[in-house]
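Chemist: Here is my input, please return the structure:
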Amino acid sequence: MRVVTADLISRARAGDGDAFRELTEPYRRELQVHCYRMLGSFQDAEDVLQDTLLAAWQGLAGFEGRASLRTWLYRIATYQCLNARRSASRRQAKEWDVPNVEPPEPTRLGEVVWLEPYPDALLEGATEVPPGPEARYEQTEAISLAFVTALQVLPPRQLAVLILRDVLGFRASEVASMLEVTVESVTSALKRVRVSLQRRRPPAAGREPPPAAGSPAEDALVAKFVRAWESADMGALVALLTDDVFMAMPPMPFEYEGRDVVARFCASLFGAGRRFDLVPARANGQPAFGAYLRAPTGIRHGTGLYVLTLTGDRICAMTRFDNSVLPWFGLPRSLPSR
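Modeler: Residues are numbered from 1 along each chain as shown. Prediction:
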């Protein structure tokens, strides 16, 4: 394997683009997920991944092999993400733009309006990479919307240390080398950022774990949600929500917390006879649905994507994204009449 890699590196250094692609392709998906965790935006992650591969191609002559190629690529990707965070023109918050719907007063306004969902289809091969010996988080938890949202408000370099150490499991010495700092500063930053993250993450004490992805328990809960939503059955929908259910809708900053206010929001969507069809998808390791508004013509127009966070046999969070994300999940902007 080392002989093959050395040969590919030699050919890539000589300008062989196919050799470079063969070298880097095995790491492409996991690097994109890394950029997504750092940036919280699927589009930004794709852009920064391209910048990373370009920088690696241009800098291959400087790769001395002291660390593995994977570690070297993560170093470049992390620096590209830190640069993007410094210069980022983040997506701006959007005004409420759903015609003929008057939502209730939000509980609060969210900070992370640039958050975007990550298609599960692109996670295949990325979250199956075994994390290093220092990892503290399950790979499925570390791609969840709640976790990625909490990461976004951390100081950038502390965020980099947390992801490299606790999510990917690189050793402190490897992270220090990647970020060109001392092991002591990595250790110190990690202590601070763990405390910050603990404060930011929603309390999970006493909360049941979600059913396993694709399990009969998850399928049953999701089927109940679809029936309730498509029939606008508020009683059935409310029965599926936890008391402290949370709802966000980036890039709109509105956030709702608590079953009563989330129910009022859902009721406002169903007002004036509005009815929807849901098309299943998966995002961030969680059940998701494209929502299509039934029009008098019979055509159904995509209005957004809902991602559910489950606990036991209930829904503890719903995140609504606008319809611009539908194509990332292979979902059309509209559905023909039946």
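Chemist: A helix includes M247, no?
Modeler: No - read with DSSP: H, G, I helix; E, B strand; the rest coil, M247 is strand and lies in no helix.
Chemist: How about the contacts made by it?
Modeler: E255, Y256, E257, V262, F265, A317, M318, T319, R320 (Cβ atoms under 8 Å, 6 or more residues apart in numbering). Every C-beta, even on glycine, is put in place using the N, C-alpha and C of the backbone.
Chemist: three-state assignment of the second one?
Modeler: To tie it back to what came earlier, the one meant is Y256. Per three-state DSSP, the secondary structure class of Y256 is strand.
Chemist: residues making contact with the host helix or strand of S185?
Modeler: Per DSSP states H and E: S185 is located in helix 183-200. Applying Cβ under 8 Å, 6+ apart, the external contacts of helix 183-200 come out as 150-151, 153-155, 157-159, 161-162, 165-166, 172-173, 175-176, 179.
Chemist: hmm, back to that, among the contacts of M247, which one lies nearest to A45?
Modeler: Using Cβ to Cβ, T319 is the member of the contacts of M247 that lies nearest A45, at 17.4 Å.
Chemist: Secondary structure element for the nearest residue to that closest one once chain neighbours are set aside, which one?
Modeler: Using Cβ to Cβ, 6 or more residues apart in numbering and skipping residues adjacent in sequence, the residue nearest T319 is V307, 4.6 Å away. Using DSSP H and E, V307 sits within strand 300-311.
Chemist: what does A84 give?
Modeler: helix 69-87.
Chemist: in that helix, what's buried?
Modeler: 69-82, 84-85 (16 or more other Cβ atoms under 10 Å).
Chemist: quick one, what contacts P117?
Modeler: Per Cβ under 8 Å, 6+ apart, neighbours of P117: F42, L145, A283, N284, A288, L305, V307, T319, F321, V325, W328, F329.
Chemist: out of these, which are inside strands?
Modeler: A283, A288, L305, V307, T319, F321 (DSSP state E).
Chemist: Quick check: beta-bridge partners of the fourth one?
Modeler: This means V307. Applying DSSP bridges to V307 gives these bridge partners: A288, T319.
Chemist: returning to that earlier point: out of the contacts of M247, which one sits closest to L293?
Modeler: Checking those one by one against L293 (Cβ to Cβ), the nearest turns out to be R320, at 13.2 Å.
Chemist: ok, the closest one touching G304?
Modeler: Yes - R320 lies in contact with G304 (Cβ atoms under 8 Å); the separation is 5.2 Å.
Chemist: And the strands in this structure, which stretches?
Modeler: With DSSP E as the criterion, the chain has strands spanning 108-109, 241-249, 252-257, 276-283, 286-294, 300-311, 314-322, 334-335.
Chemist: Adding distance to H34, write those out as TSV.
Modeler: Shown next, in TSV, are these (distance: least, Cβ to Cβ, whole Å):
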stretch	distance to H34
strand 108-109	29
strand 241-249	23
strand 252-257	27
strand 276-283	18
strand 286-294	19
strand 300-311	21
strand 314-322	21
strand 334-335	34
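Chemist: returning to that earlier point: mean confidence for the helix holding S185?
Modeler: The predicted model gives helix 183-200 an average pLDDT of 92.
Chemist: Quick check: buried residues in that helix?
Modeler: So for helix 183-200, counting by 16+ other Cβ under 10 Å, buried means V186, A189, L190, V193, R194, S196, L197.
Chemist: With adjacent residues omitted, what lies nearest to the fourth one?
Modeler: Nearest residue to V193 in three dimensions, chain neighbours excluded: Q158, at 3.8 Å (Cβ to Cβ, 6+ apart).
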